[in-house]
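[1] here's a sequence, model it:
(one chain, ligands or ions: 1)
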Amino acid sequence: MSKYNVAIVGATGAVGEELARVLEDLDFPVGELLPLASARSAGGQIEFKGKQCRIEELTETVFDGRDIDIAFFSAGGSISAKYAKHAVDAGAVVIDNTSHFRMDPNVPLVVPEVNPEDIALWREAGIIANPNCSTIQMVQLLKPLHDLYGIKRVDVSTYQAASGAGKEGMEELVREMEAFFKFKLDEYKPEAFAHQIALNVIPHIDVPQPNGYTKEEMKMIDETNKIMHSDFAVSATCVRVPVLRSHSESITITFGDDVTVDADKSREVLENFENVVVMDDIENNIYPMPITSTDTDLTYVGRIRKDLFSDNILHIWGVADQIRVGAATNSIRIAQKWIEQQEA
Ligand code: A2P
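    Presented below is the predicted three-dimensional model:
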């Protein structure tokens, strides 16, 4: 198999560090690895496959003459906006983990289990966008159910981990917990979140929009239909909870008016879907939780039950590791499919 030279932009961040780990775990055919970050981190090292790799500063010319095949970007939307084109001009395909290019009609937005065929559009801009973390784990559960019954509407409430706000968010949760045990929580001033996150839940993620929703909620709404090539209604309420790195979602799915949902059949199609695991036996306390999914590459689903009042409504509970399934692993699965398509 050919080897591919890989750059990670944001290599010192929560997702960037995980990208290096998942490349190793999935035995990705890496030739050279180029870790990039800000000038603050340049000169430091990251370990990859037992070897030290020197972190370099991201600049407009850093990709030139380096023969990078795949550049993963995970350093924020403004960095992708400024630097992705330089990686593309130097001959790389960019797999972008930020929201910057996601709704661009020339950029495919891909969850490999759901719409791998869209990867072929990568040549338009040289970029493939990795969706929002909450969207990825939700569409992995919606896709087999949509194929089975046809979705009319989705209502989702999320329980999102601190990792969605990067290392800073995770560190803030840990520091607040430490302050709580020292009886000093009231002296702690939140920075990563608008309010204290320890022992609290915050019904506000990302920037408020004029329509009363937040940007995170609008990402779930808009991205879902782009990925699934659908036009069903979606409503989202995104909530930050004091969990380190796995997001949970309570999802209510309304199918067409003539559908009578069968929970067992729904369970079966979810069980047969790639990278989805059903854990659904509440009598024996079996259902997925953040501690189930953390550090795994799987999306878990449980509490699968038919609505008590409407035949065409199903309720499910989904959980996945935000840094892996919601970011690093999805990006690397995109790269694997991209390679398959190049080598076909
Ligand atoms: P650095 O550590 O040098 O600041 P997280 O999402 O966990 O907060 O991580 C953000 C990532 O984005 C880090 O790797 C960070 O590098 C990187 N980053 C932030 N600003 C820049 C920049 N101006 N140029 C390159 N990388 C950046």
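[2] could you use CA atoms for every contact and neighbour count after this?
    OK.
[3] quick one: the helices in the chain?
    In the chain, the segments counted as helices under DSSP state H are 14-25, 77-89, 133-149, 166-181, 215-228, 263-271, 290-293, 329-343.
[4] I'd like the ones you listed laid out as JSON lines, including distance to the ligand and mean neighbour count.
    Formatted as JSON lines, the helices of the chain follow (distance: least, Cα to the nearest ligand atom, whole Å; neighbours: other Cα atoms under 10 Å):
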{"stretch": "helix 14-25", "distance to the ligand": "4", "mean neighbour count": "20"}
{"stretch": "helix 77-89", "distance to the ligand": "6", "mean neighbour count": "17"}
{"stretch": "helix 133-149", "distance to the ligand": "13", "mean neighbour count": "21"}
{"stretch": "helix 166-181", "distance to the ligand": "4", "mean neighbour count": "18"}
{"stretch": "helix 215-228", "distance to the ligand": "16", "mean neighbour count": "20"}
{"stretch": "helix 263-271", "distance to the ligand": "31", "mean neighbour count": "17"}
{"stretch": "helix 290-293", "distance to the ligand": "19", "mean neighbour count": "19"}
{"stretch": "helix 329-343", "distance to the ligand": "15", "mean neighbour count": "18"}
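[5] distance to Ile304 for those helices - can I get that in TSV?
    TSV is the format used below for the helices of the chain (distance: least, Cα to Cα, whole Å):
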stretch	distance to Ile304
helix 14-25	30
helix 77-89	36
helix 133-149	11
helix 166-181	30
helix 215-228	21
helix 263-271	6
helix 290-293	17
helix 329-343	24
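[6] distance of the residue of the chain positioned farthest from its centre from the ligand?
    The C-alpha centroid of the chain is most remote from Phe183, which lies 35.0 Å away (Cα atoms, centre = their mean). Distance of Phe183 to the ligand, computed by Cα to the nearest ligand atom, to the nearest Å: 28 Å.
[7] which residues does that residue contact?
    Counting by Cα atoms under 8 Å, 6 or more residues apart in numbering, Phe183 touches no other residue.
[8] how close does it get to Met177?
    10 Å (Cα to Cα, to the nearest Å).
[9] over to Gln336?
    Between Gln336 and Met177 the distance, using Cα to Cα, works out to 39 Å.
[10] quick check: Lys143 touching Val114?
    Yes. Contact criterion Cα atoms under 8 Å: Lys143 and Val114 qualify, at 6.5 Å.
[11] got any residues that touch both of those two?
    Met228.
[12] list phi and psi for Phe309.
    phi -120, psi -30 (degrees, to the nearest 10).
[13] going forward can the numbers begin at 160, since that is how I track them
    OK, 160 is where the count begins now, so the last one is Phe468.
[14] give the burial count for it, as a bare number.
    Residues contacting Phe468 under the criterion other Cα atoms under 10 Å number 7.
[15] assess the claim that Tyr242 and Val221 are in contact.
    No. Tyr242 is beyond contact range of Val221, at 9.9 Å (criterion: Cα under 8 Å).
[16] rewinding a little: let me have the helices of the chain in JSON lines, extended by mean pLDDT.
    JSON lines is the format used below for these (pLDDT from 0 to 100):
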{"stretch": "helix 173-184", "mean pLDDT": "97"}
{"stretch": "helix 236-248", "mean pLDDT": "98"}
{"stretch": "helix 292-308", "mean pLDDT": "98"}
{"stretch": "helix 325-340", "mean pLDDT": "97"}
{"stretch": "helix 374-387", "mean pLDDT": "98"}
{"stretch": "helix 422-430", "mean pLDDT": "98"}
{"stretch": "helix 449-452", "mean pLDDT": "98"}
{"stretch": "helix 488-502", "mean pLDDT": "97"}
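[17] this structure against the ligand: which residues are in contact?
    169-173, 196-197, 199-200, 217, 234, 325-327 (Cα under 6 Å from any ligand atom).
[18] any of these buried? List them.
    169-173, 196-197, 200, 217, 234, 325-327 (16 or more other Cα atoms under 10 Å).
[19] out of the residues you listed, which is nearest to Arg399?
    Gly325 (13.0 Å; Cα to Cα).
[20] contacts only, for the spatially closest residue to that closest one that is not a sequence neighbour.
    Nearest residue to Gly325 in three dimensions, chain neighbours excluded: Ala173, at 5.6 Å (Cα to Cα, 6 or more residues apart in numbering). Listed by Cα under 8 Å, 6+ apart, the contact set of Ala173 reads Ser322, Gly325, Lys326, Ile482.
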